[in-house]
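1. please find the sequence and the predicted model below.
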Amino acid sequence: MTDTDKLFAGSIPETYDTYLVPLIFESFAADLADRVAAPHPGSVLETAAGSGVVTRALAPLLARDAALVVTDLNQPMLDRAIARQEPDGRIAWQQADALALPFEDGQFDTVFCQFGVMFFPDRVAGYREARRVLKPGGRFLFNAWDNIEQNEFARIVTDALAGFFPGDPPKFLARTPHGYNDPKVIRADLEVAGFSGIEVATVRKTSVATTPRFPAIGYTQGTPLRNEIVARDAGALDAATDAAARAIAASHGDGPVSGRIQAHVVTAFA
């Protein structure tokens, strides 16, 4: 992972929220929110909240006296989440690094993270932090994308950009979002961090978009893949997006498109 892999700034948060959230995140957010809310936790921490898609799904499911602390490393993403959330006195917002959480030991019933652990520079350290702030027996839930071959639009965009930049193909999607995909490795990292009762479920869903250009914009301009494209050619972003859209259209047609998305959903106990 490079330094720019974690950089969600500039126009990326808005594009991410407009395109990628409905395309790939909302369905998994609903799934994760249901899992988090099921045992009626009283104190909940969200790390790497992004633009708040799980926060919005979870808030209606929590008890009136529950407390939810929502954090993200990137303040621009957190600002986007705050702007999208209905006023709710149960929710506190705080910029925070998941690897160095500013909370006391044993403070939360549940810690959860949607598609954030892939960005942790030291996942075991991040898991240890989650365990530290959990009460004994507390739950840690997260999801992580399966390999890029199981996620159709991400794979097509990556292949298209390899053709667009043949000498130096941008590999952000394969390297980072889809680079932590082995359940055995995930389980081993959690065990080293001290978790037990680990369950890993592989969940498949479907991305749906009105046109091929919708997922092309989402991936090329709503993720740090944008940073890689611009670093190679500052004026090539639109052309690279066009290339990705053409590739999706070639395999899925020019009208509404749908593609497989697949992730691992993990539950572990402190």
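-> Nice, I can see it.

2. buried sites along stretch 103-114?
-> 103, 107, 108, 109, 110, 111, 112, 113, 114 (16 or more other CB atoms under 10 Å). For glycine as for every other residue, the C-beta is placed from the backbone atoms N, C-alpha and C.

3. end to end, how far does that stretch reach?
-> Start-to-end span of stretch 103-114 (CA to CA, to the nearest Å) is 20 Å.

4. try stretch 102-120
-> One end of stretch 102-120 to the other measures 17 Å (CA to CA).

5. gap between that stretch and the chain center?
-> Offset of stretch 102-120 from its chain centre (CA atoms, centre = their mean, to the nearest Å): 13 Å.

6. likewise stretch 210-224?
-> 15 Å.

7. endpoints of it, how far apart?
-> 23 Å.

8. which parts of it are buried?
-> Buried-residue list, stretch 210-224, by 16+ other CB under 10 Å: 211-224.

9. how about those residues in TSV, adding secondary structure?
-> Shown next, in TSV, are the buried residues of stretch 210-224 (DSSP: H, G, I helix; E, B strand; the rest coil):
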residue	secondary structure
211	coil
212	coil
213	helix
214	helix
215	helix
216	helix
217	helix
218	helix
219	helix
220	helix
221	helix
222	coil
223	coil
224	coil
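
10. re earlier: narrow the buried residues of stretch 103-114 to those in strands?
-> In strands, defined here by DSSP state E, the members of the buried residues of stretch 103-114 are 108, 109, 110, 111, 112, 113, 114.

11. what number of residues lie near residue 197?
-> Here the number of neighbours of residue 197 (other CB atoms under 10 Å) works out to 11.

12. start at 542, not 1
-> Sure thing, new numbering starts at 542, so read that last one as residue 738.

13. can you map out the helices along the stretch 642-791 of the chain?
-> If DSSP state H, counting those that start in this stretch is used as the criterion, the helices of the stretch 642-791 of the chain fall at 664-674, 693-705, 713-716, 724-733, 754-762, 766-773, 778-793.

14. contacts for the third one, please.
-> For helix 713-716, contacts defined as CB atoms under 8 Å, 6 or more residues apart in numbering pick out 542, 546, 689, 695, 698, 699, 760, 764, 765, 766, 768, 769.

15. run through who's touching stretch 718-732.
-> By CB under 8 Å, 6+ apart, the residues outside stretch 718-732 that reach it are 542, 656, 658-659, 664-665, 668, 681, 685-689, 692, 695, 739, 741, 743, 764, 805, 807, 809.

16. ok, the residue lying farthest from the centre of the chain to residue 767 distance?
-> Distance from the C-alpha centroid of the chain, by CA atoms, centre = their mean, peaks at residue 708 (28.9 Å). From residue 708 across to residue 767, the span is 19 Å (CB to CB, to the nearest Å).
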